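Novice: Dropping a prediction and its sequence here:
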Amino acid sequence: MKCGGIMDRKIKIKIKEYFFITVGIIIVALSQYFFLIPHDIAAGGAMGIAMITNNYFPFLSVGFIMLIVNIILFTIAFLTIGSKFGVKTIYASLGLSGTISILEKVFPIQAPITNDILLSTIIGTILSGLGMAVIFDNNASSGGTDILAKIINRYLHIDIGKSLLIIDFVVTLFAALTFGVEKGLYAIVAVISNGYFIDYAIEGFNVAMQVFIMSDEIEVISDYIMNELERGVTFFTGQGAYSGEEKRIMYTVISRRQFIRLREYIKSVDPKAFISVSASHEVLGEGFTEIDDE
């Protein structure tokens with residue numbers, strides 16, 4: 001029964017992850033298709049390569065070119081580094097190119113949503129960063145040039161982050177030669193900003209509150225945390241430097257909303273309690289993000 005329960009939980013986790021990966025794919029696709037592609041902002045990645053190629057071979061759609069690029073890159077990766085990327089990454093990369101292809105058929109672009117290229121770059125980059133953060137936060141990536149970065153890392157021993165930046169810079173260089181220097185510069189700004197928005201969004205998704213509490217009503221408060229907030233509690237023993245008195249210190253990790261509830265509860269039972277709070281940008285384990293590679 002216990003084994004069956006664990007399997008059910010893992011299946012639920014997988015379903016949840018693939019659901020959010022799909023949401024991330026849709027956000028990235030919409031941001032690229034409606035804001036960046038109409039203004040020829042080829043901000044790196046397989047998308048940028050597809051946009052540049054489409055300019056020279058307009059009879060090939062961007063989505064189709066992305067699909068071909070990803071298939072080629074996955075094939076090269078299998079031959080050079082083996083299967084060191086998961087099924088979720090394959091799903092995300094092929095899903096993104098597939099979504100772009102669907103958008104091209106269902107909503108053919110006649111004109112940009114806005115003629116303001118700066119506004120389109122900003123909105124497209126923010127939304128793309130948000131979508132990519134959702135994908136990365138669920139243990140996947142969009143494939144594309146990420147795969148090339150892994151190959152460079154394998155053979156040239158350059159960090160994956162630096163490898164990816166180099167590749168995207170090369171793509172934006174070709175974008176400048178293809179679409180003009182101004183749009184190439186916008187693409188560089190989008191590449192750099194996108195990484196920032198991804199990091200910022202992931203931190204926002206995973207932030208939790210680490211709380212240390214000293215109180216005369218520590219048992220009552222711990223019962224509230226365990227029974228009402230359904231979070232774990234750990235006790236430490238400390239000694240006051242001035243009074244020499246031993247005190248029990250309670251430690252817990254909860255969400256921001258739960259902390260608001262806890263703070264109000266502590267005010268009601270012990271207004272003199274001492275509370276120390278700090279933000280934690282990632283918490284792994286039961287009740288939070290599961291430790292699960294694939």
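Specialist: Thanks, I have it. Numbers count the residues shown, from 1 in each chain.

Novice: Can you give me the buried ones in stretch 15-25?
Specialist: Neighbour-count burial for stretch 15-25, counted by 16 or more other Cβ atoms under 10 Å, picks out 17-18, 20-22, 24-25. Quick note: C-beta positions are derived from backbone N, CA and C, even for glycine.

Novice: Likewise for stretch 263-278?
Specialist: By neighbour count on 16+ other Cβ under 10 Å, the buried set for stretch 263-278 is 265-266, 270, 273, 275.

Novice: end-to-end on that stretch?
Specialist: End-to-end distance for stretch 263-278: 14 Å, by Cα to Cα, to the nearest Å.

Novice: Now do it: distance to the chain's middle.
Specialist: Put simply, stretch 263-278 sits 33 Å off its chain's centre (Cα atoms, centre = their mean, to the nearest Å).

Novice: what do you get for stretch 33-47?
Specialist: For stretch 33-47 - counting by Cα atoms, centre = their mean - the centre lies 19 Å from the chain centre.

Novice: cool, and stretch 147-155?
Specialist: Stretch 147-155 sits 21 Å away from the centroid of its parent chain (Cα atoms, centre = their mean).

Novice: just stretch 155-167 next, same as before
Specialist: Put simply, stretch 155-167 sits 20 Å off its chain's centre (Cα atoms, centre = their mean).

Novice: contacts for it?
Specialist: Stretch 155-167 is contacted from outside by 44, 80, 145-146, 148-150, 152-153, 191, 195, using Cβ atoms under 8 Å, 6 or more residues apart in numbering.

Novice: Now it: buried residues?
Specialist: Applying 16+ other Cβ under 10 Å to stretch 155-167 flags 163-167 as buried.

Novice: so of the buried residues of stretch 15-25, which ones are in helices?
Specialist: Using DSSP state H, 17-18, 20-22, 24-25 are the members of the buried residues of stretch 15-25 that sit in helices.

Novice: Throw those residues into a markdown table and include distance to Ser141 and pLDDT, thanks.
Specialist: Output for those, formatted as a markdown table (distance: Cβ to Cβ, whole Å; pLDDT from 0 to 100):
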| residue | distance to Ser141 | pLDDT |
| --- | --- | --- |
| Glu17 | 13 | 85 |
| Tyr18 | 14 | 90 |
| Phe20 | 14 | 90 |
| Ile21 | 10 | 90 |
| Thr22 | 15 | 93 |
| Gly24 | 10 | 91 |
| Ile25 | 11 | 92 |
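
Novice: Format those as TSV; extra columns: distance to Phe64.
Specialist: TSV is the format used below for those (distance: Cβ to Cβ, whole Å):
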residue	distance to Phe64
Glu17	27
Tyr18	24
Phe20	26
Ile21	22
Thr22	21
Gly24	22
Ile25	17
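
Novice: follow-up on the earlier one: closest one of the buried residues of stretch 263-278 to Asp116?
Specialist: Set against Asp116, the nearest of the buried residues of stretch 263-278 by Cβ to Cβ is Ile275 (47.1 Å).

Novice: Kindly confirm my reading that that closest one is in a helix.
Specialist: No - the assignment for Ile275 (DSSP: H, G, I helix; E, B strand; the rest coil) gives strand, which keeps it out of a helix.

Novice: Now do the contacts for it.
Specialist: By Cβ under 8 Å, 6+ apart, the contact set of Ile275 is 211-213, 263, 266.

Novice: per-residue confidence for it?
Specialist: Listed pLDDT for Ile275 reads 89.

Novice: Low-confidence ranges, this structure, go.
Specialist: Low-confidence segments of the chain, defined by pLDDT under 70, span residues 1-7, 9, 81-86, 159-161, 202-206, 281-294.

Novice: Which residue lies nearest the spatial centre of it?
Specialist: Taking Cα atoms, centre = their mean, the centroid of the chain lies closest to Ala133, which sits 1.9 Å from it.

Novice: doesn't that one fall inside a helix?
Specialist: Yes - applying three-state DSSP, one finds Ala133 inside a helix.

Novice: At which residues are the helices of the stretch 51-200 of the chain located?
Specialist: Remark: helices assigned in the stretch 51-200 of the chain by DSSP state H, counting those that start in this stretch are 62-80, 87-106, 117-137, 145-156, 160-179, 181-206.

Novice: Pull out the buried positions in stretch 237-249.
Specialist: For stretch 237-249, the neighbour count (16+ other Cβ under 10 Å) marks Ile249 as buried.

Novice: ok, and what's touching that stretch?
Specialist: If you take Cβ under 8 Å, 6+ apart as the criterion, stretch 237-249 is touched by 212-214, 218, 235-236.

Novice: and the residues you listed, which of them are in strands?
Specialist: Members of those lying in strands (criterion: DSSP state E): 212-214, 235-236.
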